[in-house]
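>>> below are the sequence and a predicted model; questions follow.
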Amino acid sequence: MATFVLDARTVRDHFPGIGRYAYRLALALADFFPAHHFRIVYDPRAPNARFDLRAFCARPNVECIATSAKLFSPAEQWLAFDARVTTRAAAFHSPFYALPYALTIPKIVTLADVTPLLFPDEMPDAFKRLLYRALNQIAARRAQAILTFSDAARRDLERVLHIARAKISVAPLAADESFAPPSAAALARVRDALALPANYALYVGSNKPHKNLPRLVEAWAHVASDAPLVIAGAWDARYPHAQEIAARLHLEERVLFRHNISENDLPALIGGAELFVFPSAHEGFGLPPLEALACGTAVACARASSLPEVVGDAAFFFDATDSQHIARVLSDALNDAAARAALRARGIARAQMFSWERAARETMQVYQRARG
């Protein structure tokens, strides 16, 4: 039996993506490797409305270590000398580029993507971008192994951060079990709660610049369908451009904005859509399209970065840089029920190729190699 430390300080509301990854990976590791011991470092005071760490910590092969050390704070570095964290530990895994550098045990770090370095509008402050690059590079140098989620992300890490390919391993993400074709009752409940029609197309995600929502809204003005486009997910007030374009083009009734959807409502919202649209110009993985495939919803997405890796041959593809091409592909998809039905069946099979068991087993291989 070996003890592995997983830094779960990102399991908090502020980190919806990385927090979900850290929590689901911890669950899967504990489930599929019951002979090993998992030491979870977490901040009990962090706002966390989504994941039940307290119940997870009650498992027999899980030990939770409470800390108030914040990410990137000086106190974080003292975790390297905290015997509660390091005693008899075989390796330390950070799911983020924050790392106690002085750890003497093998270190693994997950670097999901380098999007702010490829899309400067994501991080317009040049000093913050420089710091972001430096912290990622330092974490990469200090770690014995690096995990990421796709071959496209690995190529970005090699090219942008100059990390040796041999140091990077890919362990793809997976949709949670809750993402499955929903019941009629669940569909009706969510449509009623969000005031949605029976037929709609859907985007779920943030509105950050690389998500390409302004171009999607421009394209939607030319989509030949009566179904409205629903744009749902976390909303960052710094990037209002999609809403501004919708207002300028008088699309208030054709483009509906629904922010901050609850975790419990997402599967039915996705499963009820005629078409799931994902126009992102860049992704380290692209989990929402995979969740849509698992829900039995036809997907149309950009042929960009990691997205073809995720959806395979189970999606309609368009050029993320061409609003006219986006409009043509979406019009064709929404007006071809037979093609959507074929993709739905193919998509469910595609989604089943990804699982948290697979992610845990591929991650454990990296742990074992790192410990030597």
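Arrived safely, thanks for sending. Please read all numbers here as calculations on a predicted model, not as lab measurements.
>>> what's the neighbour count on the closest residue to residue 42 other than its chain neighbours?
Taking CB to CB, 6 or more residues apart in numbering as the measure, residue 42 lies nearest to residue 8, with 4.4 Å between them; neighbours along the chain are not counted. Glycine gets a C-beta too; all of them are placed from N, C-alpha and C. Here the count is done by other CB atoms under 10 Å, and residue 8 has 29 residues near it.
>>> residues contacting residue 8?
Neighbouring residues of residue 8 by CB atoms under 8 Å, 6 or more residues apart in numbering: 22, 23, 26, 40, 41, 42, 53, 95.
>>> where along the chain do the strands fall?
For the chain, the strands identified by DSSP state E occupy 3-7, 37-42, 62-66, 89-94, 107-110, 145-148, 168-170, 201-204, 229-233, 255-259, 275-278, 299-302, 316-318, in order along the chain.
>>> how is the chain partitioned into domains?
Per automatic domain parsing, the structural domains of the chain span 3-174+355-371, 184-351.
>>> mean neighbour count, those domains: which tops it?
Of all the domains of the chain, domain 184-351 has the most neighbours on average by mean count of other CB atoms under 10 Å, namely a mean of 19.
>>> span of it from start to end?
Domain 184-351 has an end-to-end distance of 22 Å (criterion: CA to CA, to the nearest Å).
>>> also stretch 273-287?
End-to-end distance of stretch 273-287 (CA to CA): 17 Å.
>>> could I get the average pLDDT for it?
Mean pLDDT, taken over the full extent of stretch 273-287, equals 97.
>>> do the same with stretch 81-95
The predicted model assigns stretch 81-95 a mean pLDDT of 97.
>>> how far away from the center of its chain is it?
Using CA atoms, centre = their mean, to the nearest Å, the mean C-alpha position of stretch 81-95 is found 26 Å from that of the whole chain.
>>> residue 248 and residue 219: what is the separation?
Spatial separation of residue 248 from residue 219 under the definition CB to CB, to the nearest Å is 14 Å.
>>> ok, residue 365 next?
Taken as CB to CB, the spacing of residue 365 relative to residue 219 amounts to 42 Å.
>>> could you do residue 90 as well?
Applying CB to CB, the value for residue 90 to residue 219 is 50 Å.
>>> how about residue 167?
The spacing between residue 167 and residue 219, counted by CB to CB, is 40 Å.
>>> who touches residue 196 in this structure?
190, 230, 256, 258, 272.
>>> name the nearest of the residues you listed relative to residue 78.
Using CB to CB, residue 258 is the member of the contacts of residue 196 that lies nearest residue 78, at 43.0 Å.
>>> contacting residues for the closest one?
Each residue near residue 258 by CB under 8 Å, 6+ apart is listed here: 194, 196, 230, 231, 232.
>>> the lowest-mean-pLDDT helix or strand in the chain packs against which elements?
Averaged element by element with mean pLDDT, DSSP states H and E, the chain has its least confident helix or strand at helix 53-56 (a mean of 89). Helix 53-56 makes packing contacts with helix 16-32, strand 37-42, strand 62-66 when contacts are defined by 3 or more CB pairs under 8 Å, 6 or more residues apart in numbering; DSSP states H and E.
>>> output the ones you listed in JSON lines; the columns should cover mean pLDDT.
Supplementary listing: these in JSON lines, determined by pLDDT from 0 to 100:
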{"stretch": "helix 16-32", "mean pLDDT": "94"}
{"stretch": "strand 37-42", "mean pLDDT": "97"}
{"stretch": "strand 62-66", "mean pLDDT": "97"}
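>>> out of the ones you listed, which comes closest to residue 163?
With respect to residue 163, and counting by CB to CB, the nearest of these is helix 16-32 at 18.8 Å.
>>> for that closest one, give me every contacting residue.
Contacts of helix 16-32 with the rest of the structure, by CB under 8 Å, 6+ apart, involve 4, 6-8, 10-13, 36, 38, 40, 48, 50-51, 53, 56, 59, 61-62, 95-96, 110, 112, 173-174, 176, 234, 287, 356-357, 359-361, 363-364.
>>> so residue 283 versus residue 205, what's the distance?
Look at residue 283 and residue 205: by CB to CB, they are 9 Å apart.
>>> my bad, should have said residue 211
6 Å.
>>> so what sits against both of these two?
Counting by CB under 8 Å, 6+ apart, the contacts common to residue 211 and residue 205 are residue 280.
>>> any chance of the contacts of residue 258 in TSV with distance to residue 106 and pLDDT as columns?
Converted to TSV, the contacts of residue 258 look like this (distance: CB to CB, whole Å; pLDDT from 0 to 100):
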residue	distance to residue 106	pLDDT
194	47	96
196	49	97
230	45	98
231	43	98
232	41	96
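>>> can you pull out the helices in the stretch 51-200 of the chain?
Assigned helices in the stretch 51-200 of the chain, in chain order: 53-56, 74-77, 83-86, 115-118, 126-142, 151-161, 184-194 (criterion: DSSP state H, counting those that start in this stretch).
>>> and the fourth one, how far from the chain's centre?
Between the centre of helix 115-118 and the centre of its chain there are 16 Å (CA atoms, centre = their mean).
>>> other SSEs contacting that helix?
Helices and strands touching helix 115-118, by 3+ CB pairs under 8 Å, 6+ apart, are helix 126-142, helix 151-161.
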